[in-house]
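Visitor: When you get a sec, could you give me coordinates for this:
(3 chains)
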Amino acid sequence: MDILGYYNYWVFAVLLMIGFYAVIARGNLIKKLLGLSIFQSAVFLMYITMDKVEGGTAPIIQPGAVDQIYSNPLPQVLILTAIVVGVSTTALGLSIVVRIKETYGSVEEPEIFDADDV
Amino acid sequence: MVILFGLFLLTLLVLTAVAIVRTPNLFVAVMLMAIFSLLMAANFFILDAADVALTEAAVGAGVTTVIFLSALALTADRERVTKTGTYFAMGVVSVTVVVLIYATFDKPVLGDPNAPVHQHVAPWYLEQTPELIDIPNVVTAVLGSFRGYDTLGEVFVVLVACIGVQFILGASPPPQAPRGQDEQGLRHHLVPQVVGRLLFPFIILFGLYVQFHGEYGPGGGFQAGAIIATGLILHALLEGESAALKAIPPNTLLAMVAGGALLYTLVGVLGIVLGGNFLDYSVLHSNPVTGQQIGILMIEAGVGITVCGALLSIFHAFAVRD
Amino acid sequence: MTLLEQLPALQVAIPFLAVPLVMLLRPRGFAWLAAVVTSAFVFCTACAMTVHLLGGGHLDYAMGSWSPPYGIELRVDSFSAILLLVITGASTLALLGGQQSITTQIESHRQPMFFAAWLLALAGLSGIVLSGDAFNIFVFMEISSLASYVLIAGGPDRQALPAVFKYLVMGTLGATFYLIGVGLVYMMTGTLNLADMSDRVQAVADQTPILVAAGFITIGLALKAAIFPLHAWLPNAYTFAPHIVTVFLAACATKVALYVLLRFDFVVFQPNLAGHTLQFSYFLMPLALLAIIVASVMAMREKHLKRLLAYSSVAQVGYIMLGASLVSQVGITAGVLHVFNHALAKGTLFLAVACLALRLSSLGIAGLAGAARMMPLTMAAFVVGGLSLIGVPGTAGFVSKWYLISAALAHDSLGLLLVVVVVLGSLMAVVYIWRVIEVAYFADAPDTAASRPVPALLLWVTCVAAAANLYFGLATGVPVSLAQAAAGSLLGVAP
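Guide: Residues are numbered from 1 along each chain as shown, chains lettered A, B, ... in the order given. I've put the predicted structure just below:
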């Protein structure tokens, strides 16, 4: 049971790394942003994993229910905020990529660097 | 059973993420990203986070994908794979993963009711919400009132993304012949046309339901704003950019974004004017509980209007360049 | 509730109210005027709070009247006050002088968006400094970061775009690292309020998630603060931003991340984690020393005026970190004081650059030839700012260097080495500032016609900033007492 109990956290760590790897190692700017999205999603998974209570249900109070266990509402609130932050960052990043394509004619990092070195 | 399902979803998530990074076809990568978000949403749902699942599905799988696709249309859909700094990246990544897995062993296991997270602040929210705010959805109560200041900040994050995209794409594009093909939208394709027209009213209706039912069930301003925006984006894809912009002009969208944010801030300031603190809704009505409910209703409306307007206007900013 | 008690909330609420108005009402020049008025107003509220806090103590504010840790708490003390003064002061001066400069760099139809983003950056940075809640800090960090990306992307040169993309990626990584760290601490303590965290971390201080959290938070914020060697985004972002934006961001953006780093570390980790003070010191001191040396060398070799000053900023972050890494009353006083004084010096220098940019065709150092004859006042202000950056007696920069050296001498084993590095760094600052002055004053001017006259307001603002460097070099009372109180509250000693 313990192994299963930590599985979520390991998946979080692995997803985080996959995203992080794409951000560092890929030269394509859109791929970098996709990596950044995976990276952020992994953190969402970590927060939501903590909110779960064994035998609990979503924190919506049911009238009349006695001894109902509810999961933790707070990490959910935080991640609602973080998801919106994530999409905002992605949109802004993509608009910059579009402008880079228009002015440099490329979205590959090495080519952009070369274009300015000349 | 649920645990097995969870394991399956999580493993699938990792596989999808690897595929996203590996494929050189960016169109495929973006579609996989939508699948990734849906899997993530399913995962959130079995972890009891209904509100978050709804948001992830609407924002992550819906709006983000559309924005990525419209950006792809303006850039390139194939990646030229360059292996730069692979070893460095591998090194950094391995160190971080080892550190994170090292950190897991003192963590409370999944679902442990004695974990510190479930001891201190969270039970207070669950106990006090029926008494202080009296709405069933505790997530909405925390989001709208107890941590309403975070949500105000979040509205302004969306707002800054919206004006940022307008500002950055507002620079004049380099001269090139306009492409006329998109003016038609998908009108000449019969199947999307019929299915889309059928879906559209239901999406909007569902969005409105999510907006106004957020106090009782999963939902609220963010989810509703994102869902309605998705519906309107579908409309724009079907009918073509110019028809969509004629229906809701860009300036109206900006007015929505600004108006929603202004509404939220004014509710906050009203708290001060009526003798409370900023964002204190109790003073809005002689009965503090009713005051809280009025406040949450108003700020959720502000959130919904801003999010809907912002996501739409971001979409249009990309789409009109095409 | 008296008005004074409402000031912490108004500090953020006023810009938030102004932003939608700036977006919606767009007659010519209104956006600029609204931005200036808003910025000046929050500068006044910051001053009012500072005056109140001069006697020590702090202002607390419960958002929505929910008491912490259930609601979000704002907490203003001397450390926050000094940062608020820097943020709002830099914003006001830059906006006031910047109208002409912005008009030449940004098309008029994009200006309302630009000023709205400016006000959001202002609100975001102030919000971070005011907040006493770990997650709330993240939200406002994102507001300020996204707004700064927008502002920098306004730079007319196309190189601004890759620069801002790099900043966006590194900034998001940094913020997400911070979020992971906060999540781990929350997981072990069940609270997000910083003061409450400090009380509850004690019980779980030896568990791995807390240790890893300390690491993630430090690295994430170090990315945001451009602490060497994580500064790669900074030089180009500052160089290609619109000139007035550089004035604003160079004065406060990285310092706010440093503020969060220090606050988090000193409030939550240092009192509770065994041996953490030493780790903090051993981890940051070498980085601080390397930053001073390496970034100063880069600045000496740089040919572009703005990038030279940007590298110098990386070095100055090193001085601030050096002061903090001594973990002593005098050391932290020196660090906090340097936040204030460096903002004055760098603000003045970048304002002078904005003046120069209106007249000169290029900001390469070679292009400055004859600038002193053409624009004597601007160059005089540049010299004053440069002297303050170097730390010449009589200027503001001297005061913080003085405190830094006396703190370093009090260090047990490494005292002399630290002093040598500080002096060496200052000597290198002499070299790179002199390179600029030499060309501007002594090189022969090419016969190019002046393009535009510098508007009187910008010149006037630049001179005021330069005069402030001299004023705070002599009248050291207010900043020093604020910095001492800040150091006292960080170390947990009553001031």
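Visitor: Residue numbers of chain A in contact with chain C?
Guide: Contact residues, chain A versus chain C (CB under 8 Å from any CB of the partner chain): A:16, A:20, A:23, A:29, A:32, A:36, A:39-40, A:43, A:46-47, A:50, A:74-75, A:78, A:81-82, A:85, A:88-89, A:92-93, A:96-97, A:99-100, A:103-104, A:109, A:112-113, A:116. All C-beta spots, glycine's among them, are computed from the backbone N, C-alpha and C.
Visitor: Alpha carbons only: can I get stretch C:241-251 in PDB?
Guide: This file holds the C-alpha atoms of stretch C:241-251, laid out as PDB (Å, rounded to 0.1, in the frame of the first residue of the first chain):
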ATOM      1  CA  ALA C 241      13.700  46.800 -23.100                       C
ATOM      2  CA  PRO C 242      12.400  50.300 -23.800                       C
ATOM      3  CA  HIS C 243      14.800  52.700 -22.000                       C
ATOM      4  CA  ILE C 244      12.200  53.800 -19.400                       C
ATOM      5  CA  VAL C 245      11.200  50.300 -18.600                       C
ATOM      6  CA  THR C 246      14.900  49.500 -17.900                       C
ATOM      7  CA  VAL C 247      14.900  52.400 -15.400                       C
ATOM      8  CA  PHE C 248      11.900  50.900 -13.500                       C
ATOM      9  CA  LEU C 249      12.900  47.200 -13.600                       C
ATOM     10  CA  ALA C 250      16.600  47.700 -12.900                       C
ATOM     11  CA  ALA C 251      15.700  49.600  -9.800                       C
END
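Visitor: give me the residue from chain C nearest chain A.
Guide: Nearest residue of chain C to chain A, counting by CB to the nearest CB: C:Arg158, 4.2 Å away.
Visitor: From C:Met113, how far out is the closest residue to that residue other than its chain neighbours?
Guide: Distance criterion CB to CB, 6 or more residues apart in numbering or on different chains; nearest residue to C:Arg158, sequence neighbours excluded, is A:Thr103 at 4.2 Å. For A:Thr103, the distance to C:Met113 equals 19 Å [CB to CB, to the nearest Å].
Visitor: Between those two, which is the more surrounded one?
Guide: C:Met113 (26 against 19; other CB atoms under 10 Å in any protein chain shown).
Visitor: Can you give the domain ranges for chain B?
Guide: B:1-76, B:133-170+B:183-322 (automatic domain parsing).
Visitor: Turn these into a markdown table, including mean pLDDT, mean neighbour count and distance to chain A.
Guide: Listed next are these as a markdown table, based on pLDDT from 0 to 100; neighbours: other CB atoms under 10 Å in any protein chain shown; distance: least, CB to the nearest CB, whole Å:
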| stretch | mean pLDDT | mean neighbour count | distance to chain A |
| --- | --- | --- | --- |
| domain B:1-76 | 90 | 20 | 4 |
| domain B:133-170+B:183-322 | 88 | 22 | 3 |
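Visitor: number of nearby residues for C:Ala334?
Guide: Neighbour tally, C:Ala334, other CB under 10 Å: 30.
Visitor: doesn't C:Phe398 make contact with it?
Guide: No: look at C:Ala334 against C:Phe398 with CB atoms under 8 Å: they stay out of range, at 11.8 Å.
Visitor: how about the strands of chain C, start to end?
Guide: Along chain C, counting by DSSP state E, strands occupy C:59-62, C:73-76.
Visitor: Helices along the chain, start to end?
Guide: Using chain A here. A:2-25, A:29-51, A:73-104, A:109-117 (DSSP state H).
Visitor: oops, I was thinking of chain B
Guide: B:2-22, B:26-46, B:50-55, B:65-74, B:86-104, B:122-132, B:138-141, B:148-169, B:190-212, B:221-239, B:241-247, B:250-273, B:288-319.
Visitor: which stretches of chain A have low pLDDT?
Guide: A:1-4, A:118 (pLDDT under 70).
Visitor: Look up how far chain C lies from the nearest residue to B:Val63 once chain neighbours are set aside.
Guide: Nearest residue to B:Val63, sequence neighbours excluded (CB to CB, 6+ apart): B:Leu311, at 5.2 Å. Counting by CB to the nearest CB, to the nearest Å, the separation of B:Leu311 from chain C is 15 Å.
Visitor: For B:Leu311, give me its contacts.
Guide: A:87, B:63, B:158, B:225-226, B:229, B:233 (CB atoms under 8 Å, 6 or more residues apart in numbering or on different chains).
Visitor: before we move on, what about C:Leu85?
Guide: Contacts of C:Leu85 by CB under 8 Å, 6+ apart are C:43, C:46-47, C:50, C:340.
Visitor: For C:Gln99, the count of nearby residues, please.
Guide: With other CB under 10 Å as criterion, C:Gln99 counts 19.
Visitor: mind showing which ranges of the stretch 351-495 of chain C have poor pLDDT?
Guide: In the stretch 351-495 of chain C, residues with pLDDT under 70: C:446-452, C:493-495.
Visitor: one more time with 50
Guide: C:494-495 (pLDDT under 50).
Visitor: Smallest gap between it and chain B, at which residue?
Guide: For the stretch 351-495 of chain C, CB to the nearest CB, closest residue to chain B: C:Ala357, 19.6 Å.
Visitor: all helices for the stretch 201-350 of chain C, in order.
Guide: Taking DSSP state H, counting those that start in this stretch to define them, one finds helices in the stretch 201-350 of chain C at C:208-225, C:234-240, C:243-264, C:276-301, C:305-325, C:329-359.
Visitor: Reformat those into CSV and put distance to C:Ala117 next to each item.
Guide: As requested, the helices of the stretch 201-350 of chain C are exported to CSV (distance: least, CB to CB, whole Å):
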stretch, distance to C:Ala117
helix C:208-225, 18
helix C:234-240, 15
helix C:243-264, 10
helix C:276-301, 28
helix C:305-325, 20
helix C:329-359, 18
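Visitor: now for the ones you listed, which one comes closest to C:Pro20?
Guide: For C:Pro20, the closest of those is helix C:243-264, at 21.3 Å, according to CB to CB.
Visitor: in terms of contact count, name the helices or strands touching that closest one.
Guide: Judged by 3 or more CB pairs under 8 Å, 6 or more residues apart in numbering or on different chains; DSSP states H and E, the packing partners of helix C:243-264 are helix C:78-105, helix C:111-130, helix C:134-153, helix C:208-225, helix C:234-240, helix C:305-325, helix C:329-359.
Visitor: one step back: out of the contacts of C:Leu85, grab the one that's most surrounded.
Guide: C:Ala46 (26 neighbours).
Visitor: From chain B, how far out is the closest residue in space to it that isn't next to it in sequence?
Guide: Excluding the flanking residues, the one nearest C:Ala46 by CB to CB, 6+ apart is C:Leu84, at 4.1 Å. Taking CB to the nearest CB as the measure, C:Leu84 falls 17 Å from chain B.
Visitor: What's the separation between C:Leu84 and C:Thr103?
Guide: Taking CB to CB, one finds C:Leu84 at 29 Å from C:Thr103.
Visitor: What of B:Val52?
Guide: With CB to CB as the criterion, B:Val52 and C:Thr103 are 45 Å apart.
Visitor: Buried residues, the lowest-mean-pLDDT helix or strand in chain C. List them.
Guide: The helix or strand of chain C with the poorest confidence is helix C:371-374; it has a mean of 82 (mean pLDDT, DSSP states H and E). Neighbour counts over helix C:371-374 (16 or more other CB atoms under 10 Å in any protein chain shown) mark C:371-372, C:374 as buried.
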